[in-house]
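In: Curious how this folds, go ahead:
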Amino acid sequence: MLLRTGFTVLAAVIAAGQAAPRQVSLIVTNATVVTTDAGRRVLTSAAVAVDGRDIVAVDSAAAIARAYRSADTIDARGDVVMPGLVNTHTHAPMVLYRGLADDLALMDWLQKYIFPAEARTVTPAFVRAGTRLAALEMIRSGTTTYVDMYYFEEEIARATKAAGLRGVLGQTIIQFPVPDAKTPEEGLARTERFIREFAKDDLIIPAVAPHAMYTLDAATLKSARQLADREGVPVITHLAETEDEVRTAEEKYKATPVAYLDSLGFFGPRTIAAHGVHLTPADIQILEKRKVGVSHNPESNMKLASGTAPVPALRKAGVPVGLGTDGAASNNDLDMFEAMRQAALLHKLASKDPRTLPAGDVISMATIEGARAIGLDRQIGSLEPGKRADLIVVGMHAARQTPMYDPLSHLVYTTRGDDVRTTVVNGRVLMREKKVMTLDETAVLSEARTLADQVRKAVGK
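Out: Predicted structure coming up:
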C-alpha cells in the first residue's frame, strides 16, 4: 500500500511538471521566423503561436509543439514567416487610375490628368470598388497595415475592415472643391464625422489628412491640427515632395515647407509626413524634435523624378522612416517587396556606397520602423508575444528563390509580392495558400474592369 501511494505521488509530481499544452487559435510552424524584434532575431525551425488576435509565443517549433495545441496549424516548412508589411503611404482607390497617365512631372500629372479624372469619376461606389481592388492586391502581396488619404474615407474604412486589413485612414482636406467636399470647412466637418464613426475600432484608426502646404491656407492647416489634437488622432500630409513645393514655400513664406508648417504649430508626435524628399539639415532637426514619422516612397519619387529623400540622414538623426508605395496611379502597384528592393538600390546608388541601407535595415523600415513612424510599434511591426498577430508566410520554394543562404537578403533582393502564400491580420487568416478568404476575387476584378471603362469614357482614353 505504501509503495502504491509512493507511485501515485510520483505520478502527480511528474504530471505537475508536464502541464497540458495550452489550446490556442493558430500555430504557424516549421519556418524560418524573421522577428524584426529589438535583437533582429532570425530563428530557424521555428514557430509562432497565436491566440485570438495576439501572438502568445515565438520559439522553436519543438518548444511550441510541447507548450501549445491548435486545431488550425499552418505548416510553413522551408518558408519564411515575418511580420506583415506596413505600407505607410497610399491612396487606395487610385488603383483604378493605374497607368492612366505616366511619364509626367508631378504637377502636370496632378493638374492635367488626376484632378480632372477625379472630378469626373470619384463617387462612393468608385471608392468602394477601388478599395476592394487595393485590399485584394495588398493581401496577396503581404501588406497587413496601410496608411491612406483620399476622399469618402468612411467608404475606404468600411471596405478595409470587411477585407480584414488594418488601416490608418485619413480623410483628405483640400482648398478647392473635390468630390466629397466643396470647401475646406466641409472637409473638416466630414473628417470629424468620420473620426467619430471609427473612434474605437480594432482595425481602423481614423486620421485627419490635410493634403499639403501648397494646397491649403494657414487657417485650414491650423484647423486640421486642432481637430486632430481634440480627437486624439494622427495627422497625415504630403511634405517637401518636389522642388516646386520648396520654391512655393520660399516665395510665399520665406521658409522651407517644414519650417513654414512648424511655424504654424502643425507638427506633433502623431504626424505622418509622406515623401520628405527635399529636406535641409535644419528641417530634419525639426522633424526629429517634433517626433514626426516620415514615409519614404522610392518608386513614386523616382517615377515622377521628384528626387531622392535623405533617408540615411533622417534615420541617423532618429527620425522613424517607413516605406510606402504611394498610390498605384504613380507607382504603379502596391507591392511592398518592390518598395524594399528599390529603396535599397536607390540609396546605394545615391550614396555611391553599397553598404548603405543593408537588407536588415530595409526590412525594418517595412515593418517595425514603419510601425514606429505611424505610432503603432507597440501593437504591430514585429513578431513578439503580446503584439497583434499580423504576419505573413513567404514562399521560398520557387526556382528564383533557390538556393537561399540569407533570408534577409532574399526578402529584399529576390522576393516579390506574389511569393506571399498566407496573410494573417489580428489573428484572422485573410489568405491561406494563396486563396483570399475575405474577398470574392472574381467579383472584385469584374467590378474594377467595369469602372475602368467608365474612367476611359470620362477622360477620353
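In: Flag the shaky bits of this structure, pLDDT-wise.
Out: Residues of the chain meeting the criterion pLDDT under 70: 1-18, 461.
In: center of the protein - which residue?
Out: Geometric centre of the chain, nearest residue: N87, 2.1 Å, by C-alpha atoms, centre = their mean.
In: Am I right that L376 is in contact with V168?
Out: Yes. Contact between L376 and V168 holds when scored by C-beta atoms under 8 Å: they sit 7.5 Å apart. All C-beta atoms are positioned from the backbone trio N, CA, C, and that covers glycine.
In: Could you tell me which residues touch both of these two?
Out: 145, 205 (C-beta atoms under 8 Å, 6 or more residues apart in numbering).
In: Surely G322 is within a helix?
Out: No. According to DSSP: H, G, I helix; E, B strand; the rest coil, G322 belongs to no helix; its state is strand.
In: Bridged to it, which residues?
Out: G322 has these beta-bridge partners by DSSP bridges: S295.
In: Tell me how far it lies from D377.
Out: Using C-beta to C-beta, to the nearest Å, G322 is found at 10 Å from D377.
In: So which bits of whatever helix or strand L345 lives in are buried?
Out: Using DSSP states H and E, L345 sits in helix 336-351. If you call a residue buried by 16 or more other C-beta atoms under 10 Å, then helix 336-351 has these buried ones: 336-347, 350.
In: rewinding a little: G322 and D377 - which one has more neighbours?
Out: More crowded of G322 and D377, by other C-beta atoms under 10 Å: G322, with 31 against 19.
In: What strand or helix carries the closest residue in space to V81 that isn't next to it in sequence?
Out: In space, and not counting its chain neighbours, V81 is closest to A31: 4.2 Å by C-beta to C-beta, 6 or more residues apart in numbering. In this assignment (DSSP H and E), A31 forms part of strand 26-34.
In: Mind giving me the packing neighbours of that strand?
Out: In terms of contacts (3 or more C-beta pairs under 8 Å, 6 or more residues apart in numbering; DSSP states H and E), strand 26-34 is packed against strand 42-51, helix 61-67, strand 73-75, strand 80-83, strand 391-394, helix 407-413, strand 420-425.
In: Can you lay out the ones you listed as JSON lines showing mean neighbour count and distance to K291?
Out: Shown next, in JSON lines, are the helices and strands packed on strand 26-34 (neighbours: other C-beta atoms under 10 Å; distance: least, C-beta to C-beta, whole Å):
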{"stretch": "strand 42-51", "mean neighbour count": "21", "distance to K291": "30"}
{"stretch": "helix 61-67", "mean neighbour count": "17", "distance to K291": "37"}
{"stretch": "strand 73-75", "mean neighbour count": "19", "distance to K291": "37"}
{"stretch": "strand 80-83", "mean neighbour count": "28", "distance to K291": "22"}
{"stretch": "strand 391-394", "mean neighbour count": "26", "distance to K291": "27"}
{"stretch": "helix 407-413", "mean neighbour count": "20", "distance to K291": "28"}
{"stretch": "strand 420-425", "mean neighbour count": "25", "distance to K291": "27"}
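In: Which one of those lies nearest to A240?
Out: helix 407-413 (26.1 Å; C-beta to C-beta).
In: need the strands for the stretch 51-200 of the chain, in chain order.
Out: With DSSP state E, counting those that start in this stretch as the definition, the stretch 51-200 of the chain shows strands at residue ranges 54-60, 68-69, 73-75, 80-83, 85-90, 143-150, 166-173.
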